[in-house]
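Visitor: Predicted coordinates and the sequence they were generated for:
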Amino acid sequence: MENINLSKRIYFTVSSLMLLVIFMFQFSGIIRKKYNSFDENRYEKSEMTGLNSNDEFSVITSEDDVIKSDSRYIVYIGNLDSECGNTVYKWCSYTKRNIVVYRSVGDYHRYNEKYPDAVLLDAEYVNVSKDITTLSMLTDYGINLVFCTLPSYDDFVASQWLSQMCGVSPESSQITASGIKLYDGFLFGGETWYTKENDPDGEFQDMQLTMPWYRTMSGTKTYMSAVLDGVSGEEIENEDQPAVIWRKSLDHAYVFCINGDYIKDISGIGILTAIMSEASDYELYPVVDAQTVVVKDYPVLAFEHEDKVDEYYSRSTSSLLENVIWPDITNLAEASGAKFTFMTAPQLNYSDNNLVSVRELDYFFRLFAEIDAEAGLTTSRDDLTTVEGKLEADNSVFSNYLENYKFLSISAKKSEISEVVQSESEILDGLRTVVMDADDHRGTGLFSYIENDILELESIISGDKYSFYSDFRAKCFDTALAYKNIELNMSNVCEPDKSEMLWDENIKLKSTALISYMNNSGVYSKCSVAETDKRVREFLSVNYSYEIEGSEITVKIDGNSSGVRFILRTRSGELTGISGGTYAMIETGAYLITADSSQLVLTVSDRN
């Protein structure tokens, strides 16, 4: 009898617990659904800013005005309309420097009352035999030189003065290296080997490997070198490997040399920033501090290829999107530490009879709200529908089922941006940002205003497949701006084909790429597109000055100072105190600073 009563008590207890668990799960789901503001863009108000193109820092190029200005400046020997000149000009704009341009070294006028931070040279505009004396004189006055591109190998052979000035001995007019070594302390991210040891199958190698061979001499410091396999079994010592980026120390100045076309790509701003940091004890410059990932064309809300999805995945499109891809995407976001913005594609084909699934729309926008993700739009389509026609069709869907959600961004091809900006569709009433597709990025820009108050952000790195050069570019952007905009292209995942990789292989490639590119982003802010838009606007508008007296650096910020961000790099010092802001260490000798007042005072002590 006692055993029977015990069994009843156990049964009652277990049943009560089961009912409690069921209630808790259902109640939490009801509460989550009830209070999930999925039909509102949480970033609409929080990231609002009145900054526009009228507030952007303007680079002064008039020679007289540059000298009269309080801002720092550089001299550029070259053509601003060239690829190299484009990078130099944008770098000046980002670092808030003015620029004086000459087409030849002979045209250069030295102002004793105000020396430039450096003279940057495009070798195409340098006549070595005529200009070497002037260049030597500039270094005697303590003016640093930067060869953004190098004179020809024959120039080095013919001019001993040039070789001595640059600190090298010409060895071979052309070699093909097996890899590239980036040394610690130049670009953020530490020492990196872009070599066969880290790429045995040759899948990642796309660095510039063909170049002249210059052997560095005494008084030089190498920042990046090629890795050349030994000839006839003879091993080549590290110090004899072909130099790619290096510095020669002269009596009163430095000469920096870049062996290759690196400055012709916009990522060259990172190299120039690192060079300036190597040229002085302290280098302070403004940054964006935003790392963003754009997931293009996901989710797709119309099931347009059910037969193919069933053939290759043995499941429905809805099941593929919800139960396979979504968990992988959210796991990747967590593993990489990134914040994703989903450029949603209601439809890709507007001429078939496959309409948008309202259930799918509701399902995904609730998921977005749960993880604080932002949704944007896309111009992607695979039929002849016009951009305006697509936007109007999308508007008819969202206005009926998600009428309160304000879309702040849209991804588009470069050729379609003007159509987007000119569109009269109500779906773009809140538009602030156009994100240009990664396929259209040509290495010439990062962000710019395309209308007075609409900002264009270029997807500067594709996250679909890892490569050495993309990794190098990511380090450059981190060094120059603490900024990356990475695209994950999802346009074909719901249209499988034998010639295309299926999702299980696709996600492996994306994971390898994104985790690698985000690997050194610990202290940087992970942002949605709306958050990035606001930070870029703040960055473009900032103007500042700073003075160094003893162990203190005083920074004065013009205009709105809230949220202005800087990086301080020190060659031998350590940031030990700050007033007017906060800071975090990026790596040894590098600090990310956020201002909360118009004046910052930084205290730097000698590094132990």
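Guide: All right, it came through fine.
Visitor: Domain-wise, how is the chain divided?
Guide: The record's domain parsing of the chain by automatic domain parsing lists 71-283, 290-536, 542-606.
Visitor: For S37, which of those domains is the nearest?
Guide: domain 290-536 (6.1 Å; Cβ to Cβ). Just so you know, the C-beta spots here come from the backbone N, C-alpha and C atoms, and that holds for glycine as well.
Visitor: what pLDDT, on average, does the closest one get?
Guide: On average, the pLDDT along domain 290-536 is 94.
Visitor: Give the phi and psi angles for L51, as a check.
Guide: Backbone torsions for L51, taken as degrees, to the nearest 10, come to phi -70, psi 140.
Visitor: Quick check: A243 vs N41, distance?
Guide: 51 Å (Cβ to Cβ, to the nearest Å).
Visitor: I'd assumed Y183 was in contact with Q241.
Guide: No. Q241 is beyond contact range of Y183, at 11.1 Å (criterion: Cβ atoms under 8 Å).
Visitor: Return every residue with contacts to both of the two.
Guide: S225 (Cβ atoms under 8 Å, 6 or more residues apart in numbering).
Visitor: I'd guessed V300 sits against A345; true?
Guide: Yes. Counting by Cβ under 8 Å, V300 touches A345, with 4.9 Å between them.
Visitor: From one end of stretch 592-599 to the other, what's the distance?
Guide: One end of stretch 592-599 to the other measures 16 Å (Cα to Cα, to the nearest Å).
Visitor: Any buried residues in that stretch, and which?
Guide: L592, I593, T594, A595, S598 (16 or more other Cβ atoms under 10 Å).
Visitor: show me the contacts for the last one.
Guide: It refers to S598. If a contact means Cβ under 8 Å, 6+ apart, then S598 has K556, I557, D558, S561, G580 as its contacts.
Visitor: three-state assignment of the fourth one?
Guide: For S561, the reduced secondary structure class is coil; criterion used: DSSP: H, G, I helix; E, B strand; the rest coil.
Visitor: Phi, psi for the closest residue to it other than its chain neighbours please.
Guide: Excluding the flanking residues, the one nearest S561 by Cβ to Cβ, 6 or more residues apart in numbering is S598, at 4.3 Å. Torsion angles at S598 (phi, psi; degrees, to the nearest 10) stand at phi -80, psi -10.
Visitor: Give me the distance between S598 and L568.
Guide: The spacing between S598 and L568, counted by Cβ to Cβ, is 17 Å.
Visitor: element containing the residue most central in space within the chain, please.
Guide: Of all residues in the chain, the one closest to the mean position by Cα atoms, centre = their mean is K484, 2.1 Å from it. In this structure, K484 is located in strand 483-489 according to DSSP states H and E.
Visitor: can you list the residues that contact the helix or strand following that strand?
Guide: Counting by DSSP H and E, the next helix or strand C-terminal to strand 483-489 is helix 503-517. Residues outside helix 503-517 that contact it (Cβ under 8 Å, 6+ apart) are 293, 313, 320, 324-325, 328, 332, 335-336, 338, 461-466, 470-471, 474, 484, 486, 488, 493, 501.
Visitor: all helices in the stretch 451-600 of the chain, in order from the N-terminus.
Guide: 468-481, 503-517, 529-541 (DSSP state H, counting those that start in this stretch).
Visitor: Turn those helices into CSV, including mean neighbour count.
Guide: Shown next, in CSV, are these (neighbours: other Cβ atoms under 10 Å):
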stretch, mean neighbour count
helix 468-481, 24
helix 503-517, 18
helix 529-541, 24
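Visitor: CSV for these, including distance to N112?
Guide: Shown next, in CSV, are the helices of the stretch 451-600 of the chain (distance: least, Cβ to Cβ, whole Å):
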stretch, distance to N112
helix 468-481, 31
helix 503-517, 46
helix 529-541, 33
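Visitor: closest to L455 out of those helices?
Guide: Comparing the helices of the stretch 451-600 of the chain by Cβ to Cβ, helix 529-541 comes nearest, at 5.5 Å.
Visitor: now the angle from the closest one to helix 468-481?
Guide: 60 degrees (axes from the mean of the first three to the mean of the last three Cα atoms, to 10 degrees).
Visitor: got the angle for helix 529-541 vs strand 483-489?
Guide: 150 degrees.
Visitor: Stretch 87-98 - what's its average pLDDT?
Guide: 97.
Visitor: and the residue nearest to the centre of the chain, what is it in contact with?
Guide: Q291, T292, I460, I461, A474, F477, D478, Y517, M518, S521 are the contacts of K484 under Cβ under 8 Å, 6+ apart.
Visitor: Kindly indicate which of those lies nearest F407.
Guide: Checking those one by one against F407 (Cβ to Cβ), the nearest turns out to be T292, at 16.2 Å.
Visitor: Tell me what that closest one is bridged to.
Guide: Per DSSP bridges, the residues bridged to T292 are N485.
Visitor: so how many other residues sit close to it?
Guide: By other Cβ atoms under 10 Å, the residues close to T292 number 29.
Visitor: and what of F398?
Guide: 22.
Visitor: That one against N404, yeah?
Guide: No. With contact defined as Cβ under 8 Å, F398 does not reach N404; the gap is 9.7 Å.
Visitor: mind listing what's buried in stretch 307-314?
Guide: Under 16+ other Cβ under 10 Å, the buried positions of stretch 307-314 are V309, Y312, Y313.
Visitor: Let's have those in a markdown table, adding distance to E388.
Guide: Converted to a markdown table, these look like this (distance: Cβ to Cβ, whole Å):
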| residue | distance to E388 |
| --- | --- |
| V309 | 30 |
| Y312 | 34 |
| Y313 | 34 |
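Visitor: Looking at these, which is nearest F365?
Guide: Using Cβ to Cβ, the buried residues of stretch 307-314 come closest to F365 at V309, 21.8 Å.
Visitor: Look up how far A482 lies from the closest one.
Guide: Relative to A482, and taking Cβ to Cβ, V309 is found at 40 Å.
Visitor: One more: T379?
Guide: For T379, the distance to A482 - Cβ to Cβ - is 29 Å.
Visitor: And T344, by the same measure?
Guide: For T344, the distance to A482 - Cβ to Cβ - is 28 Å.
Visitor: now do M224
Guide: From M224 to A482 the distance is 21 Å (Cβ to Cβ).
Visitor: Ok, L568 next?
Guide: Distance from L568 to A482, by Cβ to Cβ: 12 Å.
Visitor: what's the answer for Q160, then?
Guide: According to Cβ to Cβ, Q160 stands 42 Å off from A482.
Visitor: Comparing the two, which shows the higher neighbour count?
Guide: A482 (25 against 10).
Visitor: is it true that the more buried one touches V287?
Guide: Yes. With contact defined as Cβ under 8 Å, A482 reaches V287; the gap is 4.2 Å.
Visitor: Quickly list what's touching both of the two.
Guide: R565, I567, L592.
Visitor: Among those, which one lies nearest to T61?
Guide: Among these, and counting by Cβ to Cβ, the member closest to T61 is I567, at 25.5 Å.
Visitor: For the closest one, give me its contacts.
Guide: With Cβ under 8 Å, 6+ apart, I567 has these contacts: L284, Y285, V287, A482, I586, A590, Y591, L592, I593.
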